[in-house]
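S.K.: coords please:
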Amino acid sequence: MLLLHPMHLEEFITHYCLNAPQIMWFLGAGASRSAGMPSATDIIWDLKRRYYCLNENREITDNELSNEAIKNKIQNYLEAASCPPMWSEEEYAYYFKLVFGDKPEAHQKYLEEKLSPEKISINSGHRILASLMAMDKTRLVFTTNFDAVLENAFALMTGKNLHSFSLDGSYAVTNALNNESFPIYAKMHGDFRYFEMKNLPEQLIKNDAEIEKSFLAASSRYGLIVTGYSGRDKNVMDAFTKAIEQVNAFPKGLFWITPIGASTYPAVQLLLEKAKDKGINAHLVEVETFDALLGKVWKQIEPKNVTYDKKIRRLLYEIPKIQRYTGASYPLIRTNAFPILSMPKSCLSITTKTPLSFEDFKQKEATAKTSAILQREKTILAWGTDEEINKVIPKSEIASWEKIDLSEKLSEFGKNSLFNAFISRALARALVKDKPLRLRKKHNRFFAVLSAKHEKYSEVEGILKEALAVYDFGSKKHLPPKELVGRFPRAENTFWMEAAELSLDYYDGKFWLLITPDIWIEPDSNRKAAKDFLIEKRRKRYNSTQNKMLDAWKKILFGSDVDFVIKTFDDIVENNAEFKISITTAYSQRTSK
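M.R.: Predicted structure coming up:
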């Protein structure tokens, strides 16, 4: 099939920045998801759950859709009842009618609740798109969405109102286009606040004629970026097809944005193939999220409005503080953070007779090949046996040698990068000890890398393969990958291995172990050359797979079903680093703003 290799994001951004005023946007519900608005898929699953719980007399709160097992149970129940198969184009209309019947008022009330303005949090992507509209970089935006996220973002950034053309004023959008009364924001399915909204099931067959007419007219003058839209609505896809059949269709290109590794509807692939056949510069473009896409675009746009830039930069460059919970209330999002219940209490502090420079110390450490963990600070901090420590600092060079309490240093974690590196290395070493893993380091980040040559490799191979199994529609089975390590084909003596990044974090007065599944390239210097290879390897690693991989690495690293204690060295080593870790991850919940 065509378009197996998406356009590189960097190439797309370069093209967009050169042609921004001549390219319009088409937004689907996915573009508003990070602002708190549900996508069409979210709505469908909520309706499925409502029907299942009502007819089976189950508690809705006990059937949380973040749990894949619960979703599978609901889907199996519905398919047994002869409901449309999952991902069918009929699902949206079918489940609205199944739950609410032929009652437009009930449909409208449900969507008003789901799309309530109180639930909107204006994300960076919409702030940037609103700013581009105000700067005349983006002149036209079409959408299937009902929400007011973009209008709110425009008002926040500019202090002005953004008028949206919807069902009650659809006739005016063509006039606005002809008169170049930019920016233009048009809702092809209308606005949920109007009784005659287009997404009522019996009205899904045809788009509003006037808004579609303006879209077709614009398609012969502008390029198009489609983002946050799956392609599940036949009437919208028909409008796209009509557009590419025009003379000079999408003169600045047609770009369909899709999440990295996500599958695309056959209708989308077919549309892009038709566009290619018509000579249109048409591509799939993979990106993490709508916000990430607009963030990357904003960094390359010039010149920028200074006022808008100040508001946006705070969002793009600040590290978000994500709340973590370990209580009993049901979580919304599982994180990869494991609470560390206790940290090392002490270590050795060594003073040398002649002060060592940082460079001299690193040279000694590099040539000694010691198993001890040492760090030059005001004194030299150390864990390990006397013999291994003396390989770096001989007894003859030591002026004093004492055990110190680490409470004060731990209370200031984050302020001293040298101490941070010292204790992070001890934790990483403790986690990989006696396991079929090798510890690798990159820019002060530690990675547990799978070692296929280790005698215990077979003990962990099945755990990871099971987590990485992908559903095969032909055999109707989950098939595991053939390999967890292998040779990278495009560079000599280069290999890839499944891995997990291990990092120590201090947040809200607590220590956390963060485990992030990854793929290691050996040697690391060839990682840039393996960029496309890594994207392909991660293509099918959706949320459910990531969750299984986190569980797999937890089992490999912890090997325990209860909170456990690990040490950097064997128990007989007195000067040791000891950590107690909880096996239960922290969770994050959406908070009110």
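S.K.: Only C-alpha atoms from now on, for both contacts and neighbour counts.
M.R.: Noted.
S.K.: Please spell out which residue in the protein sits farthest from the middle.
M.R.: For the chain, the C-alpha farthest from the mean C-alpha position belongs to residue 396; by C-alpha atoms, centre = their mean, that distance is 53.6 Å.
S.K.: So that one lies in a helix, does it not?
M.R.: Yes - Residue 396 forms part of a helix when assessed by DSSP: H, G, I helix; E, B strand; the rest coil.
S.K.: domains of this structure?
M.R.: Domain assignment for the chain, taken from automatic domain parsing, gives 9-37+122-317, 40-114, 337-344+428-588, 346-405.
S.K.: Just put the ones you listed in JSON lines and tack on distance to residue 412 and mean pLDDT.
M.R.: Output for the domains of the chain, formatted as JSON lines (distance: least, C-alpha to C-alpha, whole Å; pLDDT from 0 to 100):
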{"stretch": "domain 9-37+122-317", "distance to residue 412": "24", "mean pLDDT": "85"}
{"stretch": "domain 40-114", "distance to residue 412": "36", "mean pLDDT": "85"}
{"stretch": "domain 337-344+428-588", "distance to residue 412": "10", "mean pLDDT": "89"}
{"stretch": "domain 346-405", "distance to residue 412": "13", "mean pLDDT": "93"}
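S.K.: Strands of the stretch 1-150 of the chain, start to end?
M.R.: For the stretch 1-150 of the chain, the strands defined by DSSP state E, counting those that start in this stretch cover 23-27, 140-143.
S.K.: closest one to residue 459 among these?
M.R.: Closest to residue 459 of the strands of the stretch 1-150 of the chain, according to C-alpha to C-alpha: strand 23-27, at 47.3 Å.
S.K.: Does anything pack onto the closest one? Which helices or strands?
M.R.: Contacts defined by 3 or more C-alpha pairs under 8 Å, 6 or more residues apart in numbering; DSSP states H and E place strand 23-27 against strand 140-143, strand 223-227.
S.K.: what's in contact with that strand?
M.R.: 16, 138-145, 222-229, 252-253 (C-alpha atoms under 8 Å, 6 or more residues apart in numbering).
S.K.: can you check stretch 298-317 too?
M.R.: Here stretch 298-317 has contacts from 13, 17, 124, 127-128, 131, 135, 157, 295, using C-alpha under 8 Å, 6+ apart.
S.K.: tell me which residues in that stretch are buried?
M.R.: 298, 301, 308, 312, 316 (16 or more other C-alpha atoms under 10 Å).
S.K.: Stretch 443-458 now?
M.R.: Buried residues in stretch 443-458 (16+ other C-alpha under 10 Å): 446-452.
S.K.: Then stretch 266-281?
M.R.: 267-269, 271-276, 278, 280-281.
S.K.: Those residues in helices, which ones?
M.R.: 267-269, 271-276 (DSSP state H).
S.K.: and these as TSV, adding distance to residue 55?
M.R.: As requested, those are exported to TSV (distance: C-alpha to C-alpha, whole Å):
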residue	distance to residue 55
267	34
268	35
269	38
271	39
272	42
273	44
274	44
275	46
276	48
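S.K.: how about stretch 490-499: buried residues?
M.R.: Buried-residue list, stretch 490-499, by 16+ other C-alpha under 10 Å: 494-499.
S.K.: Out of those residues, the closest to residue 83 would be?
M.R.: Using C-alpha to C-alpha, those come closest to residue 83 at residue 498, 39.5 Å.
S.K.: I figured that closest one hits residue 516, correct?
M.R.: No - the pair residue 498 / residue 516 is not scored as a contact, 11.2 Å apart, by C-alpha atoms under 8 Å.
S.K.: about what we covered before: for the buried residues of stretch 266-281, give me TSV that also has distance to residue 54.
M.R.: Shown next, in TSV, are the buried residues of stretch 266-281 (distance: C-alpha to C-alpha, whole Å):
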residue	distance to residue 54
267	34
268	35
269	38
271	39
272	41
273	43
274	44
275	45
276	47
278	50
280	49
281	49
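S.K.: how deep is residue 145 tucked in, by neighbour count?
M.R.: 27 (other C-alpha atoms under 10 Å).
S.K.: and which of the buried residues of stretch 490-499 is nearest to residue 82?
M.R.: residue 498 (40.9 Å).
S.K.: in a strand, that's where the closest one is, yeah?
M.R.: Yes - assigned with three-state DSSP, residue 498 falls within a strand.
S.K.: ok, it - contacts?
M.R.: With C-alpha under 8 Å, 6+ apart, residue 498 has these contacts: 449-450, 484-485, 517-520.
S.K.: most centrally placed residue in the protein?
M.R.: residue 288 (5.8 Å).
S.K.: Quick check, that residue in contact with residue 257.
M.R.: No - using C-alpha under 8 Å as the test, residue 288 is too far from residue 257 to be in contact (9.7 Å).
S.K.: just to revisit the earlier point, could you dump the contacts of stretch 298-317 to a markdown table with distance to residue 345?
M.R.: Listed next are the contacts of stretch 298-317 as a markdown table, based on distance: C-alpha to C-alpha, whole Å:
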| residue | distance to residue 345 |
| --- | --- |
| 13 | 51 |
| 17 | 54 |
| 124 | 43 |
| 127 | 47 |
| 128 | 48 |
| 131 | 52 |
| 135 | 57 |
| 157 | 50 |
| 295 | 43 |
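S.K.: circling back: a markdown table for the strands of the stretch 1-150 of the chain, including mean neighbour count and distance to residue 68?
M.R.: As requested, the strands of the stretch 1-150 of the chain are exported to a markdown table (neighbours: other C-alpha atoms under 10 Å; distance: least, C-alpha to C-alpha, whole Å):
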| stretch | mean neighbour count | distance to residue 68 |
| --- | --- | --- |
| strand 23-27 | 23 | 27 |
| strand 140-143 | 24 | 30 |
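S.K.: Would you mind giving the ones you listed as CSV with distance to residue 506 added?
M.R.: As requested, those are arranged in CSV below (distance: least, C-alpha to C-alpha, whole Å):
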stretch, distance to residue 506
strand 23-27, 38
strand 140-143, 42
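S.K.: closest to residue 165 out of those strands?
M.R.: Nearest to residue 165 among the strands of the stretch 1-150 of the chain is strand 140-143 (9.4 Å), distances taken as C-alpha to C-alpha.
S.K.: Tell me which residues touch the nearest residue to residue 90 once chain neighbours are set aside, please.
M.R.: Closest residue in space to residue 90, ignoring its immediate chain neighbours: residue 84 at 6.9 Å, by C-alpha to C-alpha, 6 or more residues apart in numbering. Contacts for residue 84 (C-alpha under 8 Å, 6+ apart) come out as 90-91, 94.
S.K.: returning to that earlier point: between the strands of the stretch 1-150 of the chain, which one is closest to residue 36.
M.R.: Per C-alpha to C-alpha, nearest to residue 36 of those: strand 23-27, 15.2 Å.
S.K.: okay, the angle between the closest one and strand 223-227?
M.R.: Relative orientation of strand 23-27 versus strand 223-227 (axes from the mean of the first three to the mean of the last three C-alpha atoms, to 10 degrees): 20 degrees.
S.K.: partner strands of strand 23-27, parallel or antiparallel?
M.R.: strand 140-143 (parallel), strand 223-227 (parallel) (DSSP bridges).
S.K.: Next up, phi/psi of the closest residue in space to residue 522 that isn't next to it in sequence, please.
M.R.: Nearest residue to residue 522, sequence neighbours excluded (C-alpha to C-alpha, 6+ apart): residue 495, at 5.1 Å. With angles defined as degrees, to the nearest 10, residue 495 sits at phi -130, psi 160.
S.K.: Quick one: neighbours of residue 94, just the number.
M.R.: 17.
S.K.: What are the buried residues along stretch 429-442?
M.R.: Of the residues in stretch 429-442, those buried (16+ other C-alpha under 10 Å) are 429-433, 435-440.
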